[in-house]
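Visitor: Predicted model follows, preceded by the sequence.
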Amino acid sequence: MSELNRNFIAALNRKSQKIPPLWIMRQAGRYLPEYRKVRSNFKNFLDMCKTPEVCCELVMQPIERYDFDAAIIFSDILTIPDALGLGVSFVEGKGPIFSNPIQKPEDIIDMRTFNADNLDYVYKTAELTRRELDKNIPLIGFAGSPWTLAAYSIEGSSSKNFDLTKSFIENHPDDAHKFLEILTDACFEYLKRQIISGVDVIQIFDSWANLLSESQYLEYSLDYIKKLLKKLSADTITSQTPTIVFARDPKCDLAEFKLDDLSCYGMFTSVNRTHAMNIFEGSQSLQGNLDPKILLEDNKVIKESVSKIISDFADYPGFIFNLGHGITPDIDPDKVKVLVDAVREN
């Protein structure tokens, strides 16, 4: 690894660096031609996720191409609902489809008990990747937040409004909380096994944070993220592993994420950076938040946008450069190289 490489773990420990460490969400994905070539060999996306050797190869593709400062295991946030027997499959052009969604309270009672061993393919991916990676490059493991997993599991698919999910929590609040408790315990066991298998950092993706009102978000999502973080910080195996939470445009105040058990807050594109720095005051690292759409612009705009973010966070302890959400399939890989070079030349 080049001496230029920044220390991602140091940034998570709130240590300022002249050049911030860099990785991007969905850095292994459809924007890369080498990824598309591998993906063409599988009819079902989840089948690919259950093939550790292939997933290890996919993790390494963006590392080899861009020399990112952190790798993230290749998997999907819906592995836990699949292990609960909810029948997850991926349909081309439609995304995830559940054959056994949670449609009524009784479905929660009848649901398969979570067994972390059923996700052994994810841990094998972590083990293979950790062996393949340069020892100085941290490996990020992840899970969907309990709320995001519940939203998919109740809706039975992706959705613009998640009306079935909203109706369920309104009509069956006690049962929704029971389901969220199950998912929180499952997330903890799952993340613990990833850590045992070699991941160095954990990120929790609250991908559907934006569905809820402020009061609903605090009750149905953030409360369970807090419970999950407390479980991780209290366990002897997981307590030293840094944690990142990325929430997609939650309606609550950022101060709600100023948590003792959280290492880093991942900023969505809409987050005002000055406001975030004033709120967190160095108590947590900050990660983000370049809008991926900027990568569709000419190189000058990309470089100026990168420089602005780095300048904004120049004096903040523990800043990690990232996008404000996952990279989209329409991005030219050469534009990502422009981004990487711009970060490292600042």
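Guide: Here it is on my side, so go on. Numbering: from 1, shown residues only.

Visitor: Determine how far stretch 285-301 lies from the middle of the whole chain.
Guide: Put simply, stretch 285-301 sits 18 Å off its chain's centre (Cα atoms, centre = their mean, to the nearest Å).

Visitor: List the buried residues for that stretch?
Guide: Neighbour-count burial for stretch 285-301 flags 285-292, 294-295 (criterion: 16 or more other Cβ atoms under 10 Å). Heads up, the C-betas are built off the backbone N, CA and C, glycines and all.

Visitor: Show me which pair in these is furthest apart.
Guide: Greatest spatial distance in the buried residues of stretch 285-301: S285 and L295, 23.5 Å, computed using Cβ to Cβ.

Visitor: thinking again about what came up before, ok, the buried residues of stretch 285-301 vs F68, which is closest?
Guide: Ranked by distance to F68 (Cβ to Cβ), the buried residues of stretch 285-301 are led by Q287 at 13.2 Å.

Visitor: So which of the buried residues of stretch 285-301 sit within helices?
Guide: Nothing among the buried residues of stretch 285-301 maps onto helices, per DSSP state H.

Visitor: Now flag whichever of those is closest to T269.
Guide: Among the buried residues of stretch 285-301, D291 lies closest to T269 (Cβ to Cβ), at 4.4 Å.

Visitor: which one is that closest one nearest to, not counting chain neighbours?
Guide: T269 (4.4 Å; Cβ to Cβ, 6 or more residues apart in numbering).

Visitor: And for the one you found, the neighbour number?
Guide: Applying other Cβ atoms under 10 Å, we find 16 residues neighbouring T269.

Visitor: First-to-last residue distance for stretch 240-254?
Guide: 24 Å (Cα to Cα, to the nearest Å).

Visitor: what helices or strands is the lowest-mean-pLDDT helix or strand in the chain leaning on?
Guide: When each helix and strand of the chain is scored by mean pLDDT, DSSP states H and E, strand 88-91 comes last, with a mean of 89. Other helices and strands packing on strand 88-91, by 3 or more Cβ pairs under 8 Å, 6 or more residues apart in numbering; DSSP states H and E, are helix 45-49, strand 95-98.

Visitor: switch the cut-off to 6 Å
Guide: In terms of contact count using 3 or more Cβ pairs under 6 Å, 6 or more residues apart in numbering; DSSP states H and E, strand 88-91 is assigned the packing partners strand 95-98.

Visitor: who touches the strand it packs on?
Guide: Residues from elsewhere that reach strand 95-98 (Cβ atoms under 6 Å, 6 or more residues apart in numbering): 78, 86-91, 156-158.

Visitor: following it, which helix or strand comes up?
Guide: Counting by DSSP states H and E, the next helix or strand C-terminal to strand 95-98 is helix 105-110.

Visitor: Would you confirm that I279 contacts E256?
Guide: No: using Cβ atoms under 6 Å, I279 is not in contact with E256, being 9.6 Å away.

Visitor: Tell me the confidence at the residue sitting furthest away from the middle of the chain?
Guide: The centre of the chain is farthest from one residue, E106, which by Cα atoms, centre = their mean lies 30.4 Å away. pLDDT, E106: 97.

Visitor: From E189, how far off is it?
Guide: For E106, the distance to E189 (Cβ to Cβ, to the nearest Å) stands at 24 Å.
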